[in-house]
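J.: Give me the fold of what follows.
(2 chains)
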Number of protein chains: 2
Amino acid sequence: MIENRPAGKFEPTILNRKTPIPSDIEIAQDAELKPITQVARGIGILPDEIELYGQNMAKVRLKILKRLENVPNGKYVDVTAITPTPLGEGKTTTTVGLSQALGAYLDKRVITCIRQPSQGPTFGIKGGAAGGGYSQVIPMEDLNLHLTGDIHAVTAANNLLASAIDTRIFHENTQSDEALFRRLYPVEESDVRKIMPSTWKRLDKLGINKKDLNQLTLEERRKLVRLDIDPTTITWKRCMDTNDRFLREITIGKADTEKGMEQKTGFYITAASEIMAVLALTTDLADMRTRLGRMVIGLSKSGEAITAEDLGAGGALTALMLNAIKPTLMQTLEGTPVFVHAGPFANIAHGNSSILADKIGLKLADYVVTESGFGSDMGMEKFFDIKCRYSGLKPDVVVMVATVRALKMHGGGPTVTAGKPLDEVYSHENLDLLDKGMVNLLHHIKSAKKFGIPVIVAVNRFSTDSPAELEMVRHAAIEEGGAEDAVICRNFELGGEGAVDLAEAVVKAAEKPSTFKYLYPLDIPIKQKIEIIAKEIYGADGVDYSPLVEERIEEYTKLGYGNLPICMAKTHLSLSHDPSLKGEPKGFRIPVHDIQASVGAGFVYPLLGEMAVMPGLPTRPAFMDIEIDDTDKIIGLM
Amino acid sequence: MIENRPAGKFEPTILNRKTPIPSDIEIAQDAELKPITQVARGIGILPDEIELYGQNMAKVRLKILKRLENVPNGKYVDVTAITPTPLGEGKTTTTVGLSQALGAYLDKRVITCIRQPSQGPTFGIKGGAAGGGYSQVIPMEDLNLHLTGDIHAVTAANNLLASAIDTRIFHENTQSDEALFRRLYPVEESDVRKIMPSTWKRLDKLGINKKDLNQLTLEERRKLVRLDIDPTTITWKRCMDTNDRFLREITIGKADTEKGMEQKTGFYITAASEIMAVLALTTDLADMRTRLGRMVIGLSKSGEAITAEDLGAGGALTALMLNAIKPTLMQTLEGTPVFVHAGPFANIAHGNSSILADKIGLKLADYVVTESGFGSDMGMEKFFDIKCRYSGLKPDVVVMVATVRALKMHGGGPTVTAGKPLDEVYSHENLDLLDKGMVNLLHHIKSAKKFGIPVIVAVNRFSTDSPAELEMVRHAAIEEGGAEDAVICRNFELGGEGAVDLAEAVVKAAEKPSTFKYLYPLDIPIKQKIEIIAKEIYGADGVDYSPLVEERIEEYTKLGYGNLPICMAKTHLSLSHDPSLKGEPKGFRIPVHDIQASVGAGFVYPLLGEMAVMPGLPTRPAFMDIEIDDTDKIIGLM
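T.: Numbers count the residues shown, from 1 in each chain, chains lettered A, B, ... in the order given. Take a look at the predicted model:
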């Protein structure tokens, strides 16, 4: 244990494993739950540093960081994956299993950090996101439904801002400068006009140096009260944590009361809201206030960036996020602590759980196991270049999850589709396909090593994998890929016991001195940053920009966003931009169709294709199976 | 104390009153908060009957009702009001003050039951809804923002159903009967087709008596899989807990992926969702499951009512509401316990907090003080005829809140508008106007007495009211109106101490044997019920129905909704349907423009005018004042 680490004695929960393995929800509901106060105590969190949400969840107050500021950080482990099939390759399951092994078998202090799952997929096609088998975060119902309300808070904040935008345009369109001035800055007692906390910032932005608003010239008043938003430039949309395809594109303002000011817009799922990315990247409350205020919602007719601050909404948005900024503590099936915090998209956003959860975890635990979204080309690259850049934290080990199934697909196996039966090739030994697909794994290992971090390959074993297949992956990973180690994981069926080899490999690799480095510096042009990622991580020959994108990059550079990190919005189903290109694609160029900025979160995101930001429900949505049984328990949740 | 009442010792919190009275949020943030565990213990709730949400809120588990089923109920006090000005007359303040007086001064066991406020008005024009001055529910930030997430749960459930409707239509439009059958009822192992929990209900509704879906004829399959919803009949809309006027009327489905299936629809604020009304009227989880399943979303092309059950969503909606069904325990400034639960609209819904909170309260306390929305013509009538009908509970006392201000308005005083300075007449003695306006108070007292309940008038005293004015109201209420008593309340400035007279009057009135009766029986025609309310409560001469309404009433009667209670959707600003008619309007007829049914909640609601179900933001929304201070506290919330 690292010196100064706060006291606390972890007691593992003993798994009561059954054969055949029951469904995920059966295992979860059958599990023994430690009171969350005990989980907190076990990792050294003080009673007044948590806020209980029922018996099984607690929010951790940020003041804990102050108490532990002089404690050295634990080891920082990122779990990523090769290019997955649409079914996913068990990254969360491996993350949880590794943590269970470290905590319950190797007696290490460990904290797992994962994203909060969206309700959309829970009721749609994917089901929940608690891990699987005997490697799960519990209670899975809370995790997959409301948790402690963070996603709802993001929805509320996002939509308050959206309403503020349209209503402001409406009122500016229907009122004179003087009426707006009178209403926005009413005279209070003693004849002084009321000033909102955000007003000083706007005055400053406008270069007006007066303290008494009554002294403003007519022109200055006009500038102050008219944001003059150009409706065609608004990028801020509404959001909902529901898979609702009919909201993708809508026309609003069709009631008579809105006087014909119709507007085309749409909804994204809440995970795609910039506020979710802000939550994930923020480092404290003051930083969150700043980020929320500087979010850009569109441009004025004269081309000035209009922010949440200009609308006077930065404080209210922060008030809405006051509880959400605190990570939620839960537990694994074997009783190790888990932080669930933030759930940004892994394409148009950076796809990683929060900096704050990781920071607190590193003060409390010897090992923080944190998961990045999608494959290493997506979540891991952003983990290093965006998340670690904002946190200043240095990772120690990368765990690369691979499956024989996915590698066979990369070797040319038949298409894998969610909800359809798998081809036979995936359940029978086929060394030839597997060998051909190995290039994908090797590419991902190589990418991770470019950041100076040792790589452990975790082969998530399926019961249909043959010993020869598993050995082939291990051998290639180590001998050809240069992984520190490659281990077979059986934690889905065995829990932590099935990931002891992985845990031991991680502990060993974490002892190596970190030589972590970013892939690119911030102070080079946007295009150069994009090209470095495209060539170094995707293996592209180059990048092509549409004229719109060329123009936008110029505009962003002028607006001062040129020094932000890049968050590539790319398919996760291929190393390239084309989801049909499996294995290790060669000889391709990346087309950038569009580029957007999340100025509050702090990144620019080039779009390499259409990104679905609002999923739909299938013909037979997962919600159809959900019921409440006689004991008031939820059944049918997946 | 009633026999068998569970043990528990209440300790009042001592108010630290200041002069002049600080702002509501300053008082609230300055207040001493008892740990909510202590509040629970003080009223006899066992530790395992609560789920903590931080230090200051807890949800109460419904199992407490089982433990206390043999305890006799306490006294049941409904707080209502005369016809208010748009500023409101301090009903919540009186509710809280009365409770503080009963608990902290008269040593009675008391529980206050109020609705959860919507975030919309908190950020819009109205500000929060925690009461005011030294009669508040705390922490007011939690109450006015997310509380324990119940409104968010309603939003999530409402919108899941909305998405399910549109997506089902989409999939039915684009797939053959056979494809729908294959997908909705996939073959599982052993060749049996998977059946969802809701499938039996639909088969039953269709009159199909087969247990094996493979045995269905083609025609039966078609009936099973095609809900055949007529898009023009859909009454289910999406909702959001945000004041967002641009969502009042919208067109959805404009993206190419929705293949031209555009649809006109809109959003209401979440308080207007039928699911909110269900939450308020439900009596246990099984009952909630039934109500959510039977909610009607529109009609099939053949005129059959289509329910959430038909869409297979009843179980999932209940799962989303599993935490929301538990009331939230908070406290007043003087430490008395408060249940905050459900927040249905008071026009298109019944405007009362939940049955479950009242039920639990009546088992724990000698006095439950519960508040109804708007004036007695609205919330109180619905409290008696809808809420008490579904709960089976018998109320004992009505507290009628009146102000000199509102009575002057009813006597012909100048228009009162929110956000505009009040006319002088309201701050200077004017016995003539007051006398003329008294008819409004007398009418409300008479209405309450029609239900067989004694009435106590609570005059919410403003500092500008003269002694002669206050005495005039008291005198008229008792001598002309037949109120049991009429007392002056100063609890805004003094807390419970300012409502001791009121509390004593309530205690005395509650000793009278209850002669409670409903205004109308359920088994008479819809029109007759409407007419009884219009004549007896509003003082109308009669009711006129539009042809559409005549038709709809016939249809509802055929569909079996004829025996539901009536929930009139009327303005609260007049006893009549016309908000400009103050005092006690005479010689008018009520026009019914439209009529709708909330079949899940269990009422039919005739609309007597345009009801605003989605408020807007003013030019200067309240959110502009909200900030986070250096100590991470919210400031500027009202």
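
J.: Which residues of the stretch 251-400 of chain A lie near chain B?
T.: Applying CB under 8 Å from any CB of the partner chain, we find that the stretch 251-400 of chain A lies next to chain B at A:251-255, A:257-258, A:261, A:263-264, A:266, A:285, A:289, A:312-313, A:315-316, A:318-320, A:322-323. Bear in mind the C-beta positions are built from the backbone N, C-alpha and C, glycine included.

J.: ok, 6 Å please
T.: Proximity of the stretch 251-400 of chain A to chain B, by CB under 6 Å from any CB of the partner chain, involves residues A:251-255, A:258, A:285, A:289, A:312-313, A:315-316, A:318-319.

J.: Neighbour-wise, give me the winner out of those residues.
T.: A:A316 (31 neighbours; other CB atoms under 10 Å in any protein chain shown).

J.: Quick one: mean pLDDT over the helix or strand encompassing it.
T.: Under the criterion of DSSP states H and E, A:A316 resides in helix A:314-320. Helix A:314-320 carries an average pLDDT of 97.

J.: Toward the C-terminus, what is the element adjacent to it?
T.: Counting by DSSP H and E, the element after helix A:314-320 in chain order, helix or strand, is strand A:328-332.

J.: still on that earlier bit, can you name every helix or strand that the helix holding A:A316 contacts?
T.: Helix A:314-320 is packed against helix A:150-174, helix A:285-294, with contacts defined by 3 or more CB pairs under 6 Å, 6 or more residues apart in numbering or on different chains; DSSP states H and E.

J.: Burial-wise, tell me which of those comes out on top.
T.: Most buried of the helices and strands packed on helix A:314-320 by mean neighbour count (mean count of other CB atoms under 10 Å in any protein chain shown) is helix A:150-174; its value is a mean of 24.

J.: next helix or strand past that helix?
T.: helix A:177-184.

J.: What's the local residue count around A:V455?
T.: Neighbours around A:V455, by other CB under 10 Å: 26.

J.: Okay, and the beta partners of it?
T.: A:V398 (DSSP bridges).

J.: pretty sure A:V137 is touching A:T336, no?
T.: No. Contact criterion CB atoms under 6 Å: A:V137 and A:T336 do not qualify, at 9.7 Å.

J.: Ramachandran angles for A:V340?
T.: Taking degrees, to the nearest 10, you get phi -110, psi 120 for the backbone angles of A:V340.

J.: ok, it to chain B distance?
T.: 15 Å (CB to the nearest CB, to the nearest Å).

J.: is that residue in a bridge, and if so with what?
T.: Beta-bridge pairing of A:V340 under DSSP bridges involves A:I114, A:T328.

J.: A:K326 is in contact with that one, correct?
T.: No. In this structure, A:V340 is not within contact of A:K326 by CB under 6 Å, at 11.2 Å.

J.: Show the average pLDDT along stretch A:579-586.
T.: Stretch A:579-586 comes out with an average pLDDT of 97.

J.: again, but for stretch A:81-88
T.: Averaged across stretch A:81-88, pLDDT comes to 94.

J.: now do stretch A:593-606
T.: Taken as a whole, stretch A:593-606 has a mean pLDDT of 97.

J.: Endpoints of that stretch, how far apart?
T.: From its first residue to its last, stretch A:593-606 covers 8 Å (CA to CA, to the nearest Å).

J.: just stretch A:324-331 next, same as before
T.: The first-to-last residue distance of stretch A:324-331 comes to 19 Å (CA to CA).

J.: can you give me the strands in the stretch 301-450 of chain A?
T.: Applying DSSP state E, counting those that start in this stretch to the stretch 301-450 of chain A gives strands spanning A:305-307, A:328-332, A:337-340, A:367-371, A:397-402.

J.: The shortest one: which residues count as buried?
T.: With burial defined by 16 or more other CB atoms under 10 Å in any protein chain shown, the residues of strand A:305-307 counted as buried are A:305-307.

J.: Please identify the pairing partners of it and their relative orientation?
T.: Note on strand A:305-307: by DSSP bridges, its sheet partners are strand A:296-299 (antiparallel).

J.: what about the partner strand, average pLDDT?
T.: Rounded mean pLDDT across strand A:296-299 is 97.

J.: With just CA atoms, put it into PDB.
T.: Taking Å, rounded to 0.1, in the frame of the first residue of the first chain, the C-alpha atoms of strand A:296-299 are listed here in PDB:
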ATOM      1  CA  VAL A 296     -20.900  28.200 -27.700                       C
ATOM      2  CA  ILE A 297     -24.500  27.800 -28.900                       C
ATOM      3  CA  GLY A 298     -24.100  29.600 -32.300                       C
ATOM      4  CA  LEU A 299     -23.000  32.800 -33.800                       C
END
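
J.: ok, A:D385 to chain B distance?
T.: 30 Å.

J.: so that residue touches A:P565, yeah?
T.: Yes. A:D385 lies in contact with A:P565 (CB under 6 Å); the separation is 5.4 Å.
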